[in-house]
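Visitor: Okay, sequence plus prediction incoming.
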Amino acid sequence: MSKSAIDVFAHVLPPKFYQQLLQLAPELPQKYPFIKMSALSDLTIRQAHFDGRVKQVISNVNLNPEDYTDPTLAAKLCQSGNEELIELVKRYPAMFVGAVAMVPLNNLEATAEILEQVKKEPKLLGIQLFTRALGKSIADPAFYPVFEKAAALAIPIWLHPVFDERKPDNNIVFSWEYELTQAMLQLVQSDIFTKYPQLKIIVHHAGGMVPYFAERIEHILSAEQTKAFKKFYVDTALLGNHKALELAVAYYGSDHVLFGTDAPLGIAPVGPTKEITAALQQANLTSKEREQIMYLNFEKLMAGDAK
């Protein structure tokens, strides 16, 4: 493979943004211990392990200002955080190919402005949404304007899981995969792809539980809804597991799977890039399918050629 692979789901924690958020919510390190991982903010650690083979699309870890402050300040924090993401891409051009913008869903006017900025700023490749926001599913009609504008501007959405705070037994092993799966179901049942047929959504962690439960989907849901599940794009962030990757590719198709690792999370010190790359080599895939997953699908998505 002559080109660099593109990791579509790698995370950072912009230092200035984090310090601003800590002033609003000093309990964050105790609530989310993973954000204390040094390689999220100290990018010299990543640089020391960078071998030049995989360039990353960076997005903020699952900390969104809308959960901690009012609409006006949330918008300002997202804007300044996005500027910091842009600066990181410019500072480390060998490692980062672009960034995914934060949006404040408690301020839809500011969210629309950020979407317009993404359209104009080449370093911003899309926006990140979470499976729940403001106590609602991301599929709630309140958020339709975001999907509508993203579709109209041909801006992809990166979908990341968050805990459902109504549940007392959230855990890092299984909960996020369930939340992704549930959000996908809710989006499908809301007919989001019928409303906005040009919409492109990239789902973290290989689409959660969906490939494994494909037959339940087919036999329980309508034919139209079953077909709609195939419209999602998914990444390969499974910490390895070549058989699970084969299942994801078989379900979504090799043209809807993109290389993604969740770096630097999962495996210390800088993430599971080697493990996931090895799993893709072990998987029963053609060389063309591997090329699609490693970079071709990303290139088509960014060029607006993906279907």
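Guide: Now that the structure is in, tell me what you want to look at. Numbering: from 1, shown residues only.
Visitor: And Pro161, its phi and psi?
Guide: When quoted as degrees, to the nearest 10, the phi and psi of Pro161 stand at phi -80, psi 150.
Visitor: Point out where this structure drops to low pLDDT.
Guide: 1-2 (pLDDT under 70).
Visitor: By residue count, what's the longest helix in it?
Guide: Looking across the chain with DSSP state H, the single longest helix is helix 71-91.
Visitor: ok, which stretches of the stretch 151-300 of the chain are helices?
Guide: Taking DSSP state H, counting those that start in this stretch as the test, the helices found in the stretch 151-300 of the chain are 175-189, 192-195, 214-220, 223-229, 242-252, 273-282, 287-291, 297-303.
Visitor: Which strands and helices lie in contact with the longest one?
Guide: Under the contact definition 3 or more C-beta pairs under 8 Å, 6 or more residues apart in numbering; DSSP states H and E, helix 175-189 sits against strand 136-137, strand 157-160, strand 201-203, helix 223-229. Placement of C-beta: from N, CA and C, glycine included.
Visitor: rewinding a little: now do the longest helix of the chain: distance to the chain's middle.
Guide: Distance, stretch centre to chain centre, for helix 71-91: 17 Å (C-alpha atoms, centre = their mean, to the nearest Å).
Visitor: can you check stretch 295-305 too?
Guide: The answer for stretch 295-305 is 16 Å, by C-alpha atoms, centre = their mean.
Visitor: neighbouring contacts of that stretch?
Guide: 1, 3-6, 8, 57, 125, 154, 156, 200, 202, 233, 254-259, 306 (C-beta atoms under 8 Å, 6 or more residues apart in numbering).
Visitor: In contact with the nearest residue to Ile157 once chain neighbours are set aside: list those residues for me.
Guide: Excluding its sequence neighbours, the residue lying closest to Ile157 (C-beta to C-beta, 6 or more residues apart in numbering) is Ile201, at 4.8 Å. By C-beta under 8 Å, 6+ apart, Ile201 lies in contact with Pro156, Ile157, Leu159, Leu187, Lys231, Phe232, Tyr233.
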